[in-house]
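In: Turn this into a structure:
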Amino acid sequence: GLHRAASSVAGAAFSLGVLAVLALLAGAYTFLPGVVEGVVARSVQDWLNLERAPEVRLESDPPPAMLLGEFSGGRVVMEGAEFGGLRTRRVEVELEPFRLRVLRSLREGELVPERPIAGDLRVVVAEEEISRVARLDSRVSRVDLRPGAVFVGSDVEVLGNELPFAVRGELSVRGGSLVFAPRSVYIAGAPLPQRVSRRMLEGVSFVYRLEGFPEGTRIGEVRSLDGRLLLTGRIEGLLG
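Out: Below is the predicted model of the structure:
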């Protein structure tokens, strides 16, 4: 009788122990993602000297793997970040799989990855900001962004009348700079003949150096959209 009673007590204690461990794991699994995302947000904010903490969403597949610091990816979204004097509307980083030293990150309150984190980068810049940057050149008064085309405008005086003058062209990224390649000239909304445009545009180019982005950032492509500019590339060594 005593043996059976002792066995029952031991079995109950074991069951309670298992339940306690499961409860602990469930609690950790419930609260850990939000805590780690908060640590990542603060780390990115401090690293880039942002006014506001970014939005962070981390993913783990299978989900319990995050208890070991294994993440299958994630997204960091920054609104209104500024890099080298260029004010962006939105910056998104799609994170590649990575591993964190979870306990150390939580203890130190900052992100401690096992190795530098990398991801794909998308930067959206508003037309108004591109116009502001372009107006640093006194010859430029406005910029109009359209799908696949950029119009750089100014005003010229013809026979005592001031007429809107615009150069249509394309943007590309070369050697870490935005390069505007002019293609045609418009006066008062009417295109000039290509022969005349080519003569007027000989030797004309506009270059804007992309500076101030985090070390390890590579901007590889630029697209002009309706009222905004989209820069895409990679960032290596994020917080690493």
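
In: In PDB, could you pull the C-alpha coordinates for stretch 163-181?
Out: Provided in PDB are the C-alpha atoms of stretch 163-181 (Å, rounded to 0.1, in the frame of the first residue of the first chain):
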ATOM      1  CA  LEU A 163       8.000  79.900 -70.200                       C
ATOM      2  CA  PRO A 164       8.100  76.500 -68.400                       C
ATOM      3  CA  PHE A 165      11.100  74.500 -69.500                       C
ATOM      4  CA  ALA A 166      11.500  70.800 -68.700                       C
ATOM      5  CA  VAL A 167      13.900  68.000 -69.400                       C
ATOM      6  CA  ARG A 168      12.600  64.500 -69.600                       C
ATOM      7  CA  GLY A 169      15.000  61.800 -68.600                       C
ATOM      8  CA  GLU A 170      15.700  58.600 -66.700                       C
ATOM      9  CA  LEU A 171      17.300  57.800 -63.400                       C
ATOM     10  CA  SER A 172      19.900  55.100 -62.600                       C
ATOM     11  CA  VAL A 173      22.300  54.200 -59.900                       C
ATOM     12  CA  ARG A 174      26.000  54.300 -60.600                       C
ATOM     13  CA  GLY A 175      28.800  54.100 -58.100                       C
ATOM     14  CA  GLY A 176      26.600  54.900 -55.200                       C
ATOM     15  CA  SER A 177      25.000  58.000 -56.900                       C
ATOM     16  CA  LEU A 178      21.700  58.800 -58.500                       C
ATOM     17  CA  VAL A 179      22.400  59.800 -62.100                       C
ATOM     18  CA  PHE A 180      19.800  61.600 -64.200                       C
ATOM     19  CA  ALA A 181      20.300  61.000 -68.000                       C
END
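
In: distance between it and the chain's centre?
Out: Relative to the centre of its chain, stretch 163-181 is centred 23 Å away, using Cα atoms, centre = their mean, to the nearest Å.

In: again with stretch 44-51
Out: 13 Å.

In: tell me which residues in that stretch are buried?
Out: For stretch 44-51, the buried set under the neighbour-count rule, 16 or more other Cβ atoms under 10 Å, comprises 44, 45, 48, 50. Every C-beta, even on glycine, is put in place using the N, C-alpha and C of the backbone.

In: Would you state the helices of the protein in chain order?
Out: Read by DSSP state H, the chain holds these helices, from start to end of the chain: 2-48, 102-108, 127-134, 194-201.

In: In terms of mean pLDDT, which of those ranks lowest?
Out: Least confidently modelled of those is helix 2-48, at a mean of 57 by mean pLDDT.

In: Point out where the chain drops to low pLDDT.
Out: Per-residue confidence of the chain (counting by pLDDT under 70) places the weak regions at 1-33, 137-138, 156-161, 203, 239-240.
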